[in-house]
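In: The sequence isn't on hand, but the structure is:
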């Protein structure tokens with residue numbers, strides 16, 4: 001029985017386990033806030049933010065920037081187009097691709113949700129000193145570079 005506890009404790013010491021658990025908790029928190037206050041999903045929020053930040057991105061650009069699943073993203077965007085939050089315009093050079101743009105309704109939703117989500121970010125960031133924030137971002141950047149390599153070594 002003690003061996004199982006030791007194995008579990010060693011899992012808790014793994015960076016991937018810790019990051020995954022933190023990511024799940026933060027996503028659940030953000031999802032709840034967005035659903036209860038604005039009636040949208042976390043993926044819809046991410047699309048709103050990225051479309052606004054990137055101008056008129058394609059689905060592929062959003063998927064790459066946000067590391068989002070293209071299938072899930074495609075379904076999300078279709079629902080946002082149907083809901084009047086974004087428009088999708090086919091590229092003249094490639095009719096398989098579309099450029100996304102926020103509608104006035106999408107802009108309004110972004111303006112309403114932004115202060116709430118920014119406040120959440122400030123709460124998270126405010127839990128650390130400036131030095132700690134810099135260390136966290138430096139470590140995350142380093143881990144991100146390692147994760148980008150094929151072998152991870």
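Out: Noted; the coordinates are in hand. It should be emphasised that the depicted structure is a prediction, and the values quoted were computed from it without experimental measurement.
In: and the one helix or strand residue 101 maps to, what does it pack onto?
Out: Secondary structure from DSSP states H and E places residue 101 in strand 98-102. Strand 98-102 is packed against helix 42-54, helix 59-66, strand 86-90, with contacts defined by 3 or more CB pairs under 8 Å, 6 or more residues apart in numbering; DSSP states H and E. Backbone N, C-alpha and C define where each C-beta goes, glycine included.
In: Could you list the buried residues of the first one?
Out: In this case it means helix 42-54. 42-52 (16 or more other CB atoms under 10 Å).
In: same deal with the last one?
Out: Burial within strand 86-90, assessed by neighbour count using 16+ other CB under 10 Å, is assigned to 86-87.
In: Run the angle between it and helix 42-54 for me.
Out: Note on geometry: by axes from the mean of the first three to the mean of the last three CA atoms, to 10 degrees, strand 86-90 and helix 42-54 are set 60 degrees apart in direction.
In: could you give the angle of strand 86-90 to helix 59-66?
Out: Using the same axes, to 10 degrees: strand 86-90 against helix 59-66 is 130 degrees.
In: Residues contacting strand 86-90, please?
Out: Strand 86-90 has contacts (CB atoms under 8 Å, 6 or more residues apart in numbering) with 47-48, 51, 56, 77, 80-81, 97-103, 106.
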